[in-house]
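Visitor: Compute the structure for the input listed below.
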Amino acid sequence: MKNRRFWTRFFLVASILTALLIFCFSAQQGPDSAALSDDVTLQVAKVVRPDYPKLPPVARRSFLRQLSAIVRKCAHFSEYALLGFNLMAYLRLLRWEKPRAASLALAWGIATLYAGTDELHQMFVSERGPALLDVCIDSAGALTGALVALLGMLLLARCRKAKPAFD
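Guide: Coordinates of the predicted model:
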């Protein structure tokens, strides 16, 4: 019982911290957000394309421009996948008596609603703005994270019910 209470609290705190992290990223002014994205994109470019430093300057800029959009959208997807995962784990650990599908829908709905409010928040941040595409990507990430959490919890429950191999 104590173990379950610990994990329930853990995933509640993890959900809140993830939401705060998302809020902090969204509160960054346009140039700061772009600088962070550019730094991450440059590191990814060096991993994805080891010959990147040897490319001509025009080819490097073109490659970075294309990769930057992918990195930014992957960041959206990933942070909301984490939020969806944490919310789903929290809701299931509460021993909520509703079916798993209801927990999944609630976790996904909360994360998607947060994604929408997060994009609205960006309207008030210098040189930032809302994007419906980002809400869609965030929502897909949240659903994926919630599904991974649900699958993990189902597998964990199945493993606990299995008898030991050596009796």
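Visitor: The helix or strand containing Leu64: what's the following helix or strand?
Guide: Taking DSSP states H and E as the definition, one finds Leu64 inside helix 57-93. Using DSSP H and E, the helix or strand that follows helix 57-93 in sequence is helix 100-121.
Visitor: relative to helix 57-93, how tilted is the helix or strand that that following helix is followed by?
Guide: Next in sequence after helix 100-121, counting helices and strands by DSSP H and E, comes helix 132-161. Using axes from the mean of the first three to the mean of the last three C-alpha atoms, to 10 degrees, the direction of helix 132-161 lies 50 degrees away from that of helix 57-93.
Visitor: quick one: helix 132-161 to chain centroid distance?
Guide: 10 Å (C-alpha atoms, centre = their mean, to the nearest Å).
Visitor: helices or strands up against that helix?
Guide: On a contact count with 3 or more C-beta pairs under 8 Å, 6 or more residues apart in numbering; DSSP states H and E, helix 132-161 meets helix 57-93, helix 100-121. Quick note: C-beta positions are derived from backbone N, CA and C, even for glycine.
Visitor: Tell me the gap between the first one and the middle of its chain.
Guide: Okay, so that is helix 57-93. 7 Å.
Visitor: in it, what's buried?
Guide: For helix 57-93, burial by neighbour count (16 or more other C-beta atoms under 10 Å) applies to 60, 63-64, 67-68, 71-72, 75-77, 79-93.
Visitor: pretty sure Phe85 is touching Ala149, no?
Guide: Yes. Between Phe85 and Ala149 there is a contact under C-beta atoms under 8 Å: 4.4 Å.
Visitor: Kindly state the pLDDT recorded for Lys98?
Guide: On the pLDDT scale, Lys98 is placed at 68.
Visitor: and the end-to-end length of stretch 49-57?
Guide: Stretch 49-57 has an end-to-end distance of 14 Å (C-alpha to C-alpha, to the nearest Å).
Visitor: Go through that stretch and flag the buried ones.
Guide: Tyr52.
Visitor: contacts for it?
Guide: Applying C-beta atoms under 8 Å, 6 or more residues apart in numbering, the contact partners of stretch 49-57 are Ala45, Lys46, Arg60, Phe63.
Visitor: State the distance from the closest residue to the third one other than its chain neighbours to Asn3.
Guide: In other words, Arg60. In space, Arg60 comes closest to Tyr52 once its chain neighbours are excluded; the distance is 6.5 Å by C-beta to C-beta, 6 or more residues apart in numbering. Per C-beta to C-beta, to the nearest Å, Tyr52 is found 47 Å from Asn3.
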